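S.K.: Can you look at this prediction? I've put the sequence above it.
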Amino acid sequence: MHDNARPHTATATKAALEQTGIPVIEWPPGSPDLNPIEHVWMKMKQHIHDNSDAKFWQSNTAANREELQRLIQQAWDSITPEFLGGLVDSMPARCQAVLDAQGGPTPY
């Protein structure tokens with residue numbers, strides 16, 4: 001399943017998949033993304049952003065890589081069961097929004 005991202009639509013990617021016989025489900029551009037994991041990534045990215053400064057992102061040192069690992073773990077640990085439960089509980093509304101929008105954009 002590909003979402004029309006550049007790596008998925010690259011000529012080399014398409015050729016490799018075709019050559020190996022891997023079937024691909026094509027999605028129309030702009031189709032809604034119902035995968036709740038996207039909200040987890042967004043929350044983690046925000047946590048990392050909020051807990052680092054611009055100077056942190058300006059160098060690629062071993063210390064920065066270790067700090068990034070620490071921030072990623074901290075971000076992951078900040079995801080609560082209640083947050084995940086809310087995402088799961090929102091699935092019926094997400095699916096209904098897609099039906100109501102006839103496959104078009106939704107607030108999700």
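M.R.: Arrived safely.

S.K.: Quick one: mean pLDDT for stretch 55-74?
M.R.: In this model, stretch 55-74 carries a mean pLDDT of 88.

S.K.: Nearest to the spatial middle of this protein, which residue is it?
M.R.: By CA atoms, centre = their mean, the chain has its centre lying nearest to Glu38, at 3.7 Å.

S.K.: Now for it, which secondary structure element holds it?
M.R.: Element membership for Glu38, per DSSP states H and E: helix 37-50.

S.K.: Buried residues, that helix. List them.
M.R.: Using 16 or more other CB atoms under 10 Å as the test for burial, helix 37-50 gives His39, Val40, Lys43, Met44, His47. No exception for glycine: its C-beta is placed from N, CA and C like everyone else's.

S.K.: same question, stretch 10-17
M.R.: Of the residues in stretch 10-17, none is buried (16+ other CB under 10 Å).

S.K.: Give me the contacts around that stretch.
M.R.: Stretch 10-17 is touched from outside by Pro7, Val24, with contacts defined as CB atoms under 8 Å, 6 or more residues apart in numbering.

S.K.: The helix holding Glu38 packs against which elements?
M.R.: helix 62-77, helix 81-89 (3 or more CB pairs under 8 Å, 6 or more residues apart in numbering; DSSP states H and E).

S.K.: just the CA coordinates of that helix, formatted as CSV?
M.R.: What follows is helix 37-50, C-alpha atoms only, in CSV (Å, rounded to 0.1, in the frame of the first residue of the first chain):
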residue,chain,number,x,y,z
ILE,A,37,-0.2,6.1,14.5
GLU,A,38,0.3,9.3,12.7
HIS,A,39,-1.0,11.1,15.8
VAL,A,40,1.5,9.2,17.9
TRP,A,41,4.3,10.4,15.7
MET,A,42,3.0,13.9,15.7
LYS,A,43,2.9,13.9,19.5
MET,A,44,6.4,12.5,19.8
LYS,A,45,7.8,15.1,17.3
GLN,A,46,6.1,17.9,19.3
HIS,A,47,7.6,16.5,22.6
ILE,A,48,11.1,16.4,21.0
HIS,A,49,10.7,19.9,19.6
ASP,A,50,9.5,21.2,22.9
